[in-house]
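Visitor: generate coordinates for the sequence data below:
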Amino acid sequence: MNGTPLVSLHGVSFSHPLPVGGSRPALLGVSLEIRRGESLVVLGANGAGKSTLAALLAGVEMPTEGTVVRAPPAGDDECPVLPAGLVTQNPEDCFSSAVVHEEMGVVLENLERDPVEIERAVDAMLTEIGLAGHAQAHPGQLSGGQKQLLAIASVLIAEPPLLILDEPLTLLDGPGRAEVEKLLARSRADGGATAFFSSEVEDAARGERVLVLHRGSVVWEGLPADLPQDEASLAPWGLLPPDLDVTVEAKGWRAAGAPGGAERPASTDGGAQRGDPAACTGTAPASIRVENLHFAYDPGTAAERPVLRGVDLAARPGEILGIVGAIGSGKTTLIQHLNGLLPPQRGRIAVGGHVLEPGAKIGRLLHREVGLVFQFPEKQLFAETVTEDVAAGLEFAEADEVSIPGRVRAALERVGLDAAEYGPRAPFALTWGEKRLVAIAGVVVLDTPCVAFDEPGAGLDPVGRRRIGALLGDLAHREGKTIVVVSHHLADLFRMADRVAVLHEGRIGFCGTPTELLAAGDLGRWGLLERGRS
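Guide: The predicted structure follows:
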């Protein structure tokens, strides 16, 4: 690390305007430098100002106060260089093409690189990250983890001198994280600098220097080895110590009881053998029952891509059913069938008294049976303010107008958002984690008997994930709702789930308690990692 800093911030402050007037400070007097070859990690809870700082470093935003100084690009007219590459929290924000292959080459095309060079580089990168078979697919058809890999690789392919990664691992499982590690190692070997933003204390080890942001200010700076690891020191910053090994967490789940103190229900597997895929169906009454479900993208075309190949699953009142699987295993596709968002191509789905079969019309009532929290919360947000967004579903359902304000406040409080502070704010000006909390509140407020959550902890700091885990425990174990949760974060899922189903090669490969899944010793076989950050 030497020479002129790639970027320097001097007393930088930034405020976001509010739709009701005025503004909200996001950064307060931040000063820092990033030099060539340096790896910086910025830690902070949701709302600490990480995404705002990332945008300022990348030049996407300009400071309200203070100055940002950038080193001139090292390239020339014949070989231009991307000064800084930014990968945002939501990978979909990075996409501009309708085909994966084209998306991978966008930055190189903008830099006017040789077309033959671009083609060679794109093919090599797609192969390296395991997306060669999806080269002609639309990015929207990829899984969340595949989208995140595509977003990261499509910036790294240009070898920017400064790579800025805003929570880049939130949707990745163990193998996906390993791919990112390989890409970052190659960037460091080429002398590139990285600014890695995270809410996970364990990610401090990824850098040579660590900053901690809290409420817009730098409250700690130093070496990773010197960062406090105890909860007493970290909690005031909204952080928690790293997760324990997932095996320890899972073995203690029964002793610890359910989140929020609720007792876990006794097994209702209907006599099915534990650990057997049949344990996900059984004979016990089910709120949601999936039978022989098949689904393929682009069916009947040369680009047909089968995802579900005969899924059988049952979710019951008063339990949390977790669904895990490797990147691209079909988890999101599966739960989008549960409220009719995707119609069955083959097989059937029974929800309450309603049955969905191929060709069946989806009635509005089904959406009152199953609330769905999307993997990407922006897809559920549309109103001018948070209050209006959370209230929209109730208004659509023609709820009693007098009750709506109280129900909205209660829903926001359940996810840890103060209604007075967040209610007037614009949803799309929030951090990704805050958007997720608003999306969860907008579904929970509807009080449906079943709720499906797609990666509810993605983008949330550890405190937020703990709170959402307690909320899901209350919904299932206290209120008797049927809760289905897709997650790659095994430690969090194993703390809360009563049963876990493993989706593998389009079918349920295993179903049982978290302890039984670990005892089977098949985590590697299913493409899962034995660490809690899998």
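Visitor: in the stretch 151-300 of the chain, where is pLDDT below threshold?
Guide: 243-284 (pLDDT under 70).
Visitor: which of the helices or strands spans the closest residue to A392 other than its chain neighbours?
Guide: Leaving aside its sequence neighbours, A392 sits nearest to A383 (C-beta to C-beta, 6 or more residues apart in numbering; 5.8 Å). Bear in mind the C-beta positions are built from the backbone N, C-alpha and C, glycine included. Following DSSP states H and E, there is no helix or strand that holds A383.
Visitor: quick one, what contacts A383?
Guide: Each residue near A383 by C-beta atoms under 8 Å, 6 or more residues apart in numbering is listed here: D389, A392, P427.
Visitor: which residue ranges form the helices in the stretch 251-400 of the chain?
Guide: 253-256, 331-335, 366-369, 386-396 (DSSP state H, counting those that start in this stretch).
Visitor: can you mark which positions in the longest one are buried?
Guide: In terms of neighbour count (16 or more other C-beta atoms under 10 Å), helix 386-396 has its buried residues at V386, T387, E388, D389, V390, A391, A392, G393, L394.
Visitor: what residue is smack in the middle of the protein?
Guide: Against the mean C-alpha coordinate of the chain, by C-alpha atoms, centre = their mean, the closest residue is A458 at 2.9 Å.
Visitor: export only the CA atoms of stretch 106-114, formatted as CSV.
Guide: Coordinates of each C-alpha in stretch 106-114 appear next as CSV, following Å, rounded to 0.1, in the frame of the first residue of the first chain:
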residue,chain,number,x,y,z
VAL,A,106,-21.6,-5.1,-19.9
VAL,A,107,-18.8,-3.3,-18.0
LEU,A,108,-16.2,-4.5,-20.6
GLU,A,109,-18.3,-3.3,-23.4
ASN,A,110,-18.7,0.1,-21.7
LEU,A,111,-14.9,0.2,-21.5
GLU,A,112,-14.8,-0.5,-25.2
ARG,A,113,-12.7,-3.6,-24.9
ASP,A,114,-12.0,-5.8,-27.9
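Visitor: give me the helix or strand of the protein that scores worst on average pLDDT.
Guide: None of the helices or strands of the chain scores lower by mean pLDDT, DSSP states H and E than helix 253-256, at a mean of 38.
Visitor: and H504, what is it in contact with?
Guide: Contacts of H504 by C-beta under 8 Å, 6+ apart are G325, A326, S329, F510, W526, G527.
Visitor: quick check, nearest of the residues you listed to S8?
Guide: Minimum distance to S8 across the contacts of H504 is 41.6 Å, recorded for A326 (C-beta to C-beta).
Visitor: the nearest residue to that closest one once chain neighbours are set aside - how many residues pack around it?
Guide: Closest residue in space to A326, ignoring its immediate chain neighbours: G527 at 3.0 Å, by C-beta to C-beta, 6+ apart. Neighbours of G527 under the rule other C-beta atoms under 10 Å: 19.
Visitor: tell me the contacts of T333?
Guide: Contacts of T333 by C-beta under 8 Å, 6+ apart are F295, V307, L308, L342.
Visitor: doesn't I118 fall inside a helix?
Guide: Yes: counting by DSSP: H, G, I helix; E, B strand; the rest coil, I118 is found in a helix.
Visitor: for it, report the pLDDT, please.
Guide: What the model reports for I118 is a pLDDT of 93.
Visitor: cool, P306 as well?
Guide: On the pLDDT scale, P306 gets 92.
Visitor: now do it against S8, distance only.
Guide: 51 Å (C-beta to C-beta, to the nearest Å).
Visitor: and these two? which has more neighbours close in?
Guide: Neighbour totals were compared for P306 and S8, and S8 leads with 17 against 14 (other C-beta under 10 Å).
Visitor: which elements pack onto the one helix or strand that one maps to?
Guide: If you go by DSSP H and E, S8 is part of strand 7-17. Secondary-structure packing of strand 7-17 (3 or more C-beta pairs under 8 Å, 6 or more residues apart in numbering; DSSP states H and E): strand 23-34, helix 50-58, strand 65-70.
Visitor: which one of those lies nearest to V290?
Guide: Closest among the helices and strands packed on strand 7-17, once you apply C-beta to C-beta, is helix 50-58, at 36.8 Å.
Visitor: next, the angle from the closest one to strand 23-34.
Guide: In terms of direction (axes from the mean of the first three to the mean of the last three C-alpha atoms, to 10 degrees), helix 50-58 departs from strand 23-34 by 50 degrees.
Visitor: in helix 50-58, what's buried?
Guide: K50, S51, T52, L53, A54, A55, L56, L57, A58.
Visitor: if we can go back for a sec, V373: which of the buried residues of helix 386-396 is nearest?
Guide: G393 (11.9 Å).
Visitor: so which of the contacts of T333 sit within strands?
Guide: Among the contacts of T333, the members falling in strands (DSSP state E) are F295, V307, L308.
Visitor: these two touch, right, the second one and A296?
Guide: Just to be clear, that refers to V307. Yes: counting by C-beta atoms under 8 Å, A296 is a contact partner of V307 at 6.2 Å.
Visitor: before we move on, the earlier item: and the helices of the stretch 251-400 of the chain, which one averages the lowest pLDDT?
Guide: helix 253-256 - the lowest mean pLDDT of these, at a mean of 38.
Visitor: quick one, strands of the stretch 101-250 of the chain?
Guide: 162-166, 193-198, 209-214, 217-222 (DSSP state E, counting those that start in this stretch).
Visitor: show me where pLDDT drops low in the stretch 351-500 of the chain?
Guide: 361-366.
Visitor: the strands in the stretch 301-450 of the chain, which residues?
Guide: 305-315, 320-324, 346-351, 354-356, 370-373, 450-454.
Visitor: to D492, which of these lies closest?
Guide: Among the strands of the stretch 301-450 of the chain, the nearest to D492 by C-beta to C-beta is strand 320-324 (9.5 Å).
Visitor: and the contacts of the closest one?
Guide: 280, 313, 315, 331, 334-335, 472-473, 476-477, 482-488, 490, 493-494, 496-503, 514, 526, 528.
Visitor: again, only this time at 7 Å
Guide: 315, 331, 334, 472, 476, 483-488, 490, 493, 496-503, 528 (C-beta atoms under 7 Å, 6 or more residues apart in numbering).
Visitor: and for stretch 193-206?
Guide: Contacts of stretch 193-206 (C-beta under 7 Å, 6+ apart): 6, 34-46, 50, 54, 57, 161-167, 184, 187, 207, 210, 224, 227, 229, 234, 239-242, 461-462, 533.
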